[in-house]
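Student: sequence first, then the predicted structure:
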Amino acid sequence: MEMDIANLASPERASLFVRAATEESSGPVDGPFRLAKSLLERDPALARADVYSALVLGDVEAVRRWIEGNPSWVGEKGGPRGDREPLLYVTYSKFHRESPEIAEGLLLTAQLLLDHGADPDASFFPADFPASPLRPLLGACGVADFPAMAELLLDRGATIDDRESLYHSTEQGDTRCLELLLARGANPLGTNALNHAFDRQGLDRIRLLLDHGADPNEVLGDGGPSLFWAIERGRERAVLELLVEHGADIHARRGDGKSAYRVAMQHGHSAAADCLAELGAGETAERLTPFERFAGACGRGDLAAARQAVAESPGLFENLSNDDRQAFLHIAQAGKAAVLGALLDCGLPVGTAGPTGETALHWAAWHGWRDAVSVLLAHGAPVTAVEEGFGATPLGWAEHGSENWPNPEGDYPGVIRLLLDAGADATAIVLG
């Protein structure tokens, strides 16, 4: 990587700099933005390479001079990414984090472009979601986490309910953009933002969305109402209680007929099962499947009951449903190391995988759950397992997760050390 960058000609290096500065990744690790900063530190002349470098660094005077000579450029797609109008390079830039001066320059540059006719809803279509236009507001809220930029765009007519910005604003380390969008009237219904908020620990995002109209009984797709999503993601009891306070139906059934209580048992989520039972939404043992009884006992730490459930159901692990397999993977995603240990101690095969070969170790590594990774490795989880979707090992998932979906509670360096010590191939670290 170092050698390739060092050998790039100046125009190629400038193009890489702009693309890295506007990559749709986010979070505290953010490898592409680290690369952009590193390139600029090594070669400060990149700041003056062309007008697109000026856009991502907020050099408003350079952009002004360019517009004077090329007035139609404001509405033209182009630059290193090819499919984006100038305003999108400004709003996806994360360089506002580097200094108040750059932040002010980016705001002034965006204002200049808008004053000269830039469309606040200019869009491009990502290759993996060709039917979903991505707009400047998403850049400000879901990528750059730049509330002042988002406010400027809204003041200038950006569509607030773009089906992307509210959803992705829940991914940020703070709630500033989420609060802004909701205060300005963004509608949470139909966005899946509430369910996405369960992917992070804490109540603030969830409470904000519920207080601004999110419906905990809304069903999007086949995953059931929000209560089911929260349970599958291992969310704490306080989250479940908050949903119930806002009207979540504890007696609701998923499309496959399962109750929230059964899903809690299937996921070894004893706190959720106890909460539902106390609220009157429990079920008798006779209504549970063998795997639900088994996983529920493991979640309580009752290994004797778990082993009894296995003994009473010959072939239990050889005949797991896809839903049961997914429940095991969800437990790994939630980092429930103790529950994983109990499941594996009682015989669940550690290599149990999802539909494309992704294992519990892949998911625990993706989220940086060091304790969960340690438990899985201690039970023989294969570090060389390659899933079919990206052709990557757990080490590749750890590296990619740390940059593209970083878990604030995760220990990615610790996970990577564990995987390398267990024999993972460091040359295959990046997802294909």
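Tutor: All right, it came through fine. Just so we're clear, the structure is a prediction, and the values are computed from it rather than from any experiment.
Student: where does the chain have low pLDDT?
Tutor: Within the chain, the ranges that satisfy pLDDT under 70 run 1-9, 25-29, 428-432.
Student: again, only this time at 80
Tutor: For the chain, the stretches with pLDDT under 80 are 1-9, 25-31, 128-129, 221-222, 285-286, 403-405, 427-432.
Student: can you name the farthest residue from the center of it?
Tutor: No residue in the chain sits farther from the centre than Gly69, which is 41.5 Å out by CA atoms, centre = their mean.
Student: mind checking how far that one is from Ala62?
Tutor: Separation of Gly69 from Ala62 (CB to CB, to the nearest Å): 12 Å. (Each C-beta comes from the backbone N, C-alpha and C, glycine too.)
Student: over to Asp215?
Tutor: Note on Asp215: its distance to Ala62, by CB to CB, is 47 Å.
Student: and for Ala214?
Tutor: Relative to Ala62, and taking CB to CB, Ala214 is found at 43 Å.
Student: and what of Ser270?
Tutor: 60 Å.
Student: what does Ala353 give?
Tutor: Counting by CB to CB - Ala353 and Ala62 are separated by 52 Å.
Student: repeat for Ser99
Tutor: Distance from Ser99 to Ala62, by CB to CB: 17 Å.
Student: please say which of the two ends up with more neighbours.
Tutor: Ala62 (19 against 11; other CB atoms under 10 Å).
Student: the more buried one reaches Ala49, doesn't it?
Tutor: No. Judged on CB atoms under 8 Å, Ala62 makes no contact with Ala49 at a distance of 10.5 Å.
Student: neighbours around Arg307, how many?
Tutor: The burial count for Arg307: 16, using other CB under 10 Å.
Student: between the two ends of stretch 385-405, what distance do you get?
Tutor: 21 Å (CA to CA, to the nearest Å).
Student: quick one: it to chain centroid distance?
Tutor: 14 Å (CA atoms, centre = their mean, to the nearest Å).
Student: ok, now stretch 280-291?
Tutor: For stretch 280-291 - counting by CA atoms, centre = their mean - the centre lies 32 Å from the chain centre.
Student: just stretch 72-80 next, same as before
Tutor: 30 Å.
Student: in it, what counts as buried?
Tutor: Trp73, Val74, Gly79, Pro80 (16 or more other CB atoms under 10 Å).
Student: same thing with stretch 83-97?
Tutor: 84-96.
Student: between the residues you listed, which is closest to Ser15?
Tutor: Ranked by distance to Ser15 (CB to CB), the buried residues of stretch 83-97 are led by Tyr89 at 12.0 Å.
Student: list the contacts for the closest one?
Tutor: Residues near Tyr89 by CB atoms under 8 Å, 6 or more residues apart in numbering: Val18, Thr22, Tyr52, Leu55, Val56, Gly79, Arg81.
Student: neighbouring contacts of the helix or strand encompassing the first one?
Tutor: Val18 belongs to helix 10-21 when elements are defined using DSSP states H and E. Helix 10-21 is touched from outside by 5, 8, 32-33, 35-36, 39-40, 43, 45-46, 49-50, 52-53, 55-56, 79-81, 89, 92-95, with contacts defined as CB under 8 Å, 6+ apart.
Student: likewise for stretch 198-216?
Tutor: Contacts for stretch 198-216 (CB under 8 Å, 6+ apart): 170-171, 175, 178-179, 182, 186-189, 193-194, 197, 225-227, 229-230, 233, 235-236, 238-239, 242-243, 246-248, 408-409.
Student: try it again with 6 Å
Tutor: 170, 175, 178, 182, 188, 193-194, 197, 226, 229-230, 233, 235, 243, 246, 248 (CB atoms under 6 Å, 6 or more residues apart in numbering).
Student: which of these has the largest number of neighbours?
Tutor: Busiest of these [other CB under 10 Å] is Ala197, holding 31 neighbours.
Student: tell me, how many residues neighbour the nearest residue to that one once chain neighbours are set aside?
Tutor: Spatial nearest neighbour of Ala197, chain neighbours left out: Arg205 (4.1 Å); criterion: CB to CB, 6 or more residues apart in numbering. Here the count is done by other CB under 10 Å, and Arg205 has 24 residues near it.
Student: so after the helix or strand where Arg205 lies, what's the next helix or strand?
Tutor: Using DSSP H and E, Arg205 falls within helix 204-211. Sequence order places helix 226-232 as the next helix or strand after helix 204-211, per DSSP H and E.
Student: now for that following helix, which elements pack on it?
Tutor: helix 193-197, helix 237-245, helix 260-266 (3 or more CB pairs under 6 Å, 6 or more residues apart in numbering; DSSP states H and E).
Student: contacting residues around the first one?
Tutor: Contacts to helix 193-197, defined as CB under 6 Å, 6+ apart, come from residues Leu166, Tyr167, Thr170, Arg205, Ile206, Leu209, Ala214, Ser226, Trp229.
Student: ok, the third one - contacts?
Tutor: Yep, that's Thr170 we're talking about. Ala193, His196, Ala197, Arg205.
Student: how does it look with 10 Å?
Tutor: 141-142, 177-178, 188, 191-200, 205-206, 208-209 (CB atoms under 10 Å, 6 or more residues apart in numbering).
Student: do Tyr261 as well
Tutor: Contacts of Tyr261 (CB under 10 Å, 6+ apart): 231, 250-251, 272-277, 279, 281-283, 287-288, 292, 296.
Student: report all helices and strands that the longest helix along the chain contacts.
Tutor: Secondary structure assigned by DSSP state H gives helix 100-115 as the longest helix of the chain. Packing partners of helix 100-115 (3 or more CB pairs under 10 Å, 6 or more residues apart in numbering; DSSP states H and E): helix 51-57, helix 60-69, helix 86-91, helix 136-138, helix 147-155.
Student: quick one: distance of the fourth one to the chain centre.
Tutor: So that's helix 136-138. Taking mean C-alpha positions (CA atoms, centre = their mean), helix 136-138 and its chain are 17 Å apart.
Student: likewise the longest one?
Tutor: Here helix 60-69 is found 37 Å from its chain centre; the criterion is CA atoms, centre = their mean.
Student: how about the last one?
Tutor: Between the mean C-alpha point of helix 147-155 and the mean C-alpha point of its chain there is a distance of 23 Å (CA atoms, centre = their mean).
Student: would you mind measuring the gap between the ends of stretch 89-103?
Tutor: 14 Å.
Student: any idea how far the residue farthest from the centre of the chain lies from Ala273?
Tutor: For Gly69, the distance to Ala273 - CB to CB - is 67 Å.
Student: got it, and Lys94?
Tutor: The gap separating Lys94 from Ala273 is 42 Å, by CB to CB.
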